[in-house]
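[1] Just need the structure, nothing else, for what follows:
(one chain, ligands or ions: 2)
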Amino acid sequence: MAPNVLTIAGTDPSGGAGVQADLKAFSANGAYGMSVITALVAQTTTGVSRVQEVPPDFITDQLVTLLDDVRVDAVKIGMLANAEVIRAVTAVLERYCPPFVVLDPVMVAKSGDRLLAPEAVGALRDELLPRVDLITPNLPEAADLLGEGEIASPDQMPAQAERLAALGAKQVLLKGGHLSGESSVDLLHGDGVSEFLSTERVVTTNDHGTGCTLSAAIAALRPQRADWLEAVCEAKQYLTDALRASERLDVGRGHGPVHHFHRWW
Ligand SMILES: Nc1ncnc2c1ncn2[C@@H]1O[C@H](COP(=O)(O)OP(=O)(O)OP(=O)(O)O)[C@@H](O)[C@H]1O
Ligand SMILES: Cc1ncc(CO)c(N)n1
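    Ligands and ions are numbered 1, 2, ... in the order given. Okay, here's the model as predicted:
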């Protein structure tokens, strides 16, 4: 049986990030995809021009209507825009307790535009983060959550993941995509174990939505795999393949999207 997997996130009309990327990653990884939208974002490969936030009580209504009918096997949470939305989503998670909740703590788009109000970082850290199963911060997000400077080398990743775990995160996938080097190195930390996951760094400007794709693929795979390590390793391989396949795309003038494809294609 395919798992029912829900994304709670913002939109990207160009299809590279947000809900649109998540649904593609769900399908390509064998899940049935569903979505609750938190914000409409006027964005493309070159940046964000405007954000229209959805009223928090309407996000609650979307979630409750869905969860009262459909069994949800995993949840991926992306852009939440502000503290009121964070509180609405946290309350629904507490009420329904879905299994396997992955939080991508989206704060800033690749273009540099903010997707989370700066004053909402505290609510994300103190109210939502302790209630999810896995967080997937990139290095600037990890620094922001901890109120410290950005680390600059993989050697510093285990200690930083430990500090994130101390905030209440059960599992941490610290993403090293923002470092340079021939490999793209992430660190999975949880249950007392830290494991570096390394793939070849693909040379491309089509890197819009890499974080969304990775966290969505993890959420799709986790109900189908024995543990987090298996799901995360396979999701990272899926992302690397999708980055490579992006050479088949011609979408926009800026940071182009990755190409989601079915394995038998
Ligand atoms: N050029 C690349 N080649 C291979 N893997 C990459 C590359 N760039 C990023 N990654 C991988 O992509 C995943 C996302 O990492 P990254 O640090 O870019 O996230 P992000 O900044 O949250 O992404 P975004 O904000 O664009 O959604 C990680 O697994 C990282 O290692
Ligand atoms: C809606 C949305 N979520 C996340 C990101 C981060 O890439 C983005 N650009 N847009």
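[2] Show me which residues of the stretch 151-265 of the chain are close to ligand 1?
    175-178, 184, 186, 199, 201-202, 207-212, 214, 236, 239-240, 243 (Cβ under 6 Å from any ligand atom). Heads up, the C-betas are built off the backbone N, CA and C, glycines and all.
[3] Identify those among those residues that sit within helices.
    Counted as lying in helices by DSSP state H, out of those, are 210-212, 214, 236, 239-240, 243.
[4] Go through those residues and give me the one with the most neighbours.
    Highest neighbour count within these: residue 212, with 31 neighbours (other Cβ atoms under 10 Å).
[5] who touches that residue in this structure?
    Residues in contact with residue 212 (Cβ atoms under 8 Å, 6 or more residues apart in numbering) are 9, 17-18, 21-22, 25, 78, 104, 106.
[6] Now which of these would you call buried?
    9, 17-18, 21-22, 25, 78, 104, 106 (16 or more other Cβ atoms under 10 Å).
[7] Leaving out chain neighbours, which residue sits closest to residue 134?
    Nearest non-adjacent residue to residue 134, counting by Cβ to Cβ, 6 or more residues apart in numbering: residue 171, 4.2 Å away.
[8] Let me see the contact set for the one you found.
    133-135, 188-191, 228.
[9] Dig out what it forms beta bridges with.
    residue 134, residue 190 (DSSP bridges).
[10] gap between it and residue 214?
    14 Å (Cβ to Cβ, to the nearest Å).
[11] how about the strands of the stretch 101-250 of the chain, start to end?
    101-103, 134-135, 171-175, 183-190, 193-200 (DSSP state E, counting those that start in this stretch).
[12] Please convert these to JSON lines, extending it with distance to residue 165 and mean pLDDT.
    Below are the strands of the stretch 101-250 of the chain laid out as JSON lines (distance: least, Cβ to Cβ, whole Å; pLDDT from 0 to 100):
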{"stretch": "strand 101-103", "distance to residue 165": "14", "mean pLDDT": "98"}
{"stretch": "strand 134-135", "distance to residue 165": "9", "mean pLDDT": "98"}
{"stretch": "strand 171-175", "distance to residue 165": "6", "mean pLDDT": "98"}
{"stretch": "strand 183-190", "distance to residue 165": "6", "mean pLDDT": "96"}
{"stretch": "strand 193-200", "distance to residue 165": "10", "mean pLDDT": "94"}
